[in-house]
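Asker: Have a look at this prediction, sequence included:
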2 protein chains.
Amino acid sequence: MRIVVLAGGIGGARFLRGLKSAAPDADITVIGNTGDDIHLFGLKVCPDLDTVMYTLGGGIHEEQGWGRADETFAVKGELAAYGVGPEWFGLGDRDFATHIVRTQMIGAGYPLSAVTEALCARWQPGVRLLPMSDDRVETHVLIDDPEADGGRRAVHFQEYWVRLRASVPAHAVVPVGAEQSKPAPGVLEAIAAADVVLFPPSNPIVSVGTILAVPGIREAIADAGVPVVGLSPIVGDAPVRGMADKVLAAVGVESTAAAVAAHYGSGLLDGWLVDTVDAHATAEVEAAGIRCRAVPLMMTDPVATAQMAREALTLAEEVRA
Amino acid sequence: MRIVVLAGGIGGARFLRGLKSAAPDADITVIGNTGDDIHLFGLKVCPDLDTVMYTLGGGIHEEQGWGRADETFAVKGELAAYGVGPEWFGLGDRDFATHIVRTQMIGAGYPLSAVTEALCARWQPGVRLLPMSDDRVETHVLIDDPEADGGRRAVHFQEYWVRLRASVPAHAVVPVGAEQSKPAPGVLEAIAAADVVLFPPSNPIVSVGTILAVPGIREAIADAGVPVVGLSPIVGDAPVRGMADKVLAAVGVESTAAAVAAHYGSGLLDGWLVDTVDAHATAEVEAAGIRCRAVPLMMTDPVATAQMAREALTLAEEVRA
């Protein structure tokens, strides 16, 4: 079975680990969000791709969910001693090596997709990991700034998310460059060849939404003629992790499992899993033309996560039949 | 007193520490060799500038003579895990931060001289450290290679010095790009304003020689009309440290204190210090028109090194009188 998964960072990576366990023989292609990529200290950092790679490759800091296990911070300390920031983005020494290799390869002319493949040659994530695009797409968030023209200014998603911890109102989320971007090599082909497409419980706006903003990807999924099943990142009207509610508000979407399904829309989504605490939303989702089931959606451990993946694949077969 | 010093790496840095101690009120400008700069992992590494900066700024690994104290090697280990080399050049985590900052600034358009000044704002070396040039000059060494056209090939100085440990015959030493290079801002001005110019016991070919290969620097020193005094890096017919004899042979200069003085020449050099074990060479050097004294030249500790600097300044005053 060929499965295509649109993945953001921590949520996507953990779901993928469960999916590999639930479908060990599946041929899994991951289309990773690169909208939160950022240049730091002259190095290209791809947080979501790396989180997937480290998580599936056994290098992740388990408790934290991002970054490397057994990490040290000598480089970061030295950069601070030089007065070079930002200090709010925590890059460890082991993680720096990944960004150094990536930046060197990009400087040598390799596209991000080729670089990602080279990095994965070490990590052996057991999936084919593709960036959504080799082109630069950068998610910006419009926030209040009394000193800026018009009272607002756009900041890089990481500045909003990591430095500001989404603590200020977001008025818009813009994937800058998306309109001009092209899907990375292999992305459309993988979608066309897929037996099922899954949206993990990743952020529907800044993760899955950014991937869908690359022209051609949304259309390819809608046209693939195979079940498209998503898992709600909202449980009991609150995001399971992260601050998805903040960016949902920015685009006028309620923080409910049903509203996120409606945001994706029945033109794209065939099936939707909500958590058992949101079972009351099932009827509303189904009324909107999306098959819906309520199952436990907390990725508390690998076993629970694998079961979620199994439920998603089961719903896909229901939809197909 | 304004002192200009042409410095390589370890020998130059240690001599400078002695000079600062011997002449605490002097205004010291260091013209640093950049011919052994190398791009590694996409980062610009300036071994000699960094050795001077770390040594005078209190960050050097004392026993080793280069690199940072309390160093760790997480990044290097990870790069090796990615299969990315070279592995023969040992960059530590703290050291990496310096190269990351430098590369980022150069990428942003700053010349190496401005970058060096910015790095020194942290280290406060107590001297003005200038790269010899903002232009790229790269010392190559011609070695035997049976498989190459003509049986020889050029390798980067660091490959010859660090990877091969100067264990193969060197047929030529070529500062590639030197002819087209210009002295960095401030270099010629510092020489013109100097009261004395010193050549520390650095490598006369690949350190001081490379600096002198930048068009204008040798002429400025010769024309400055102030005492130019050097200290022999050869003691008892062998280099005090490093493998200077190998590169001296490549350019047809004997490994003796007198031969190195003659190589610099009386048109450039006014005074020359040889070690007491080479006192026999004094007459030969003086016969060549260079004032010569035999004094202890082993930089065994800061006190001995300061005394060497004092002897150099004393000889400069003798020459001036």
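Answerer: Perfect, I can see it now.

Asker: The helix-or-strand element of chain A with minimal mean pLDDT pairs with which strands, parallel or anti?
Answerer: Least confident element among the helices and strands of chain A, by mean pLDDT, DSSP states H and E: strand A:238-239 (a mean of 80). Here strand A:238-239 is paired, per DSSP bridges, with strand A:234-235 (antiparallel).

Asker: Could you tell me which residues make contact with the closest residue to A:E179 other than its chain neighbours?
Answerer: Leaving aside its sequence neighbours, A:E179 sits nearest to A:P215 (CB to CB, 6 or more residues apart in numbering or on different chains; 6.8 Å). Quick note: C-beta positions are derived from backbone N, CA and C, even for glycine. Contacts of A:P215 were listed using CB atoms under 8 Å, 6 or more residues apart in numbering or on different chains, and they are A:178-179, A:181-183.

Asker: quick one: secondary structure of A:P215?
Answerer: coil (DSSP: H, G, I helix; E, B strand; the rest coil).

Asker: repeat for A:I31
Answerer: strand.

Asker: ok, it - how many residues close by?
Answerer: 30 (other CB atoms under 10 Å in any protein chain shown).

Asker: For it, give me its contacts.
Answerer: Contacts for A:I31 (CB under 8 Å, 6+ apart) come out as A:4-7, A:130-132, A:187, A:190-191, A:211, A:217.

Asker: ok, now A:V235?
Answerer: A:257, A:274-275, A:277-278, A:297-298.

Asker: And A:G267, by the same measure?
Answerer: Residues in contact with A:G267 (CB under 8 Å, 6+ apart) are A:A222.

Asker: any idea of the pLDDT on it?
Answerer: Note on A:G267: pLDDT of 94.

Asker: Please apply the same query to A:A166.
Answerer: pLDDT at A:A166 comes out at 88.

Asker: neighbours around it, how many?
Answerer: Neighbour tally, A:A166, other CB under 10 Å: 19.

Asker: can you give me phi and psi for the residue of the stretch 101-250 of chain A found nearest chain B?
Answerer: Here the stretch 101-250 of chain A gets closest to chain B at one residue, A:Q104, 3.3 Å apart by CB to the nearest CB. For A:Q104, the backbone dihedrals (degrees, to the nearest 10) come out as phi -60, psi -40.

Asker: Correct me if wrong: it contacts B:F41.
Answerer: Yes. Between A:Q104 and B:F41 there is a contact at 5.4 Å, judged by CB atoms under 8 Å.

Asker: the more surrounded of the two?
Answerer: Applying other CB under 10 Å to A:Q104 and B:F41 shows that B:F41 carries more neighbours, namely 23 against 20.

Asker: For the more buried one, which residues are in contact?
Answerer: B:F41 is in contact with A:100-101, A:104, B:79, B:84, B:91, counting by CB under 8 Å, 6+ apart.

Asker: Now do the SS call for A:L198.
Answerer: Criterion first, three-state DSSP; result for A:L198: strand.

Asker: beta partners of it?
Answerer: A:V5, A:V229.

Asker: residues in contact with it?
Answerer: A:3-6, A:15, A:19, A:228-231, A:309, A:312, A:316.

Asker: Equivalent analysis for A:L268, please.
Answerer: Listed by CB under 8 Å, 6+ apart, the contact partners of A:L268 are A:212, A:218, A:221-222, A:228.

Asker: what's the distance between it and A:L297?
Answerer: Distance, A:L268 to A:L297, by CB to CB, to the nearest Å: 20 Å.

Asker: picking up where we left off before, which of the contacts of A:P215 lies closest to A:P111?
Answerer: Among the contacts of A:P215, A:K182 lies closest to A:P111 (CB to CB), at 10.6 Å.

Asker: What pLDDT does the model give A:G242?
Answerer: Here the pLDDT value assigned to A:G242 is 73.

Asker: For it, what are phi and psi?
Answerer: A:G242 has phi and psi values of phi 80, psi -160 when expressed as degrees, to the nearest 10.

Asker: Longest helix in chain A, please.
Answerer: helix A:302-320 (DSSP state H).

Asker: Can you give me the buried ones in that helix?
Answerer: For helix A:302-320, burial by neighbour count (16 or more other CB atoms under 10 Å in any protein chain shown) applies to A:305-316, A:319.

Asker: possible to save these as JSON lines with distance to A:H140 and pLDDT?
Answerer: As requested, the buried residues of helix A:302-320 are exported to JSON lines (distance: CB to CB, whole Å; pLDDT from 0 to 100):
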{"residue": "A:T305", "distance to A:H140": "32", "pLDDT": "97"}
{"residue": "A:A306", "distance to A:H140": "36", "pLDDT": "98"}
{"residue": "A:Q307", "distance to A:H140": "37", "pLDDT": "98"}
{"residue": "A:M308", "distance to A:H140": "32", "pLDDT": "98"}
{"residue": "A:A309", "distance to A:H140": "32", "pLDDT": "98"}
{"residue": "A:R310", "distance to A:H140": "37", "pLDDT": "98"}
{"residue": "A:E311", "distance to A:H140": "35", "pLDDT": "98"}
{"residue": "A:A312", "distance to A:H140": "31", "pLDDT": "98"}
{"residue": "A:L313", "distance to A:H140": "35", "pLDDT": "98"}
{"residue": "A:T314", "distance to A:H140": "38", "pLDDT": "98"}
{"residue": "A:L315", "distance to A:H140": "34", "pLDDT": "98"}
{"residue": "A:A316", "distance to A:H140": "34", "pLDDT": "98"}
{"residue": "A:V319", "distance to A:H140": "35", "pLDDT": "95"}
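
Asker: Quick one: name the residues of the stretch 1-150 of chain A near chain B.
Answerer: Listed as neighbours of chain B in the stretch 1-150 of chain A under the rule CB under 8 Å from any CB of the partner chain: A:41-43, A:72, A:74-75, A:77-79, A:81-84, A:92-94, A:96-98, A:100-101, A:103-104, A:107-108, A:118-119, A:121-122.

Asker: on that earlier part again, from the contacts of A:V235, which ones fall inside helices?
Answerer: A:A257.
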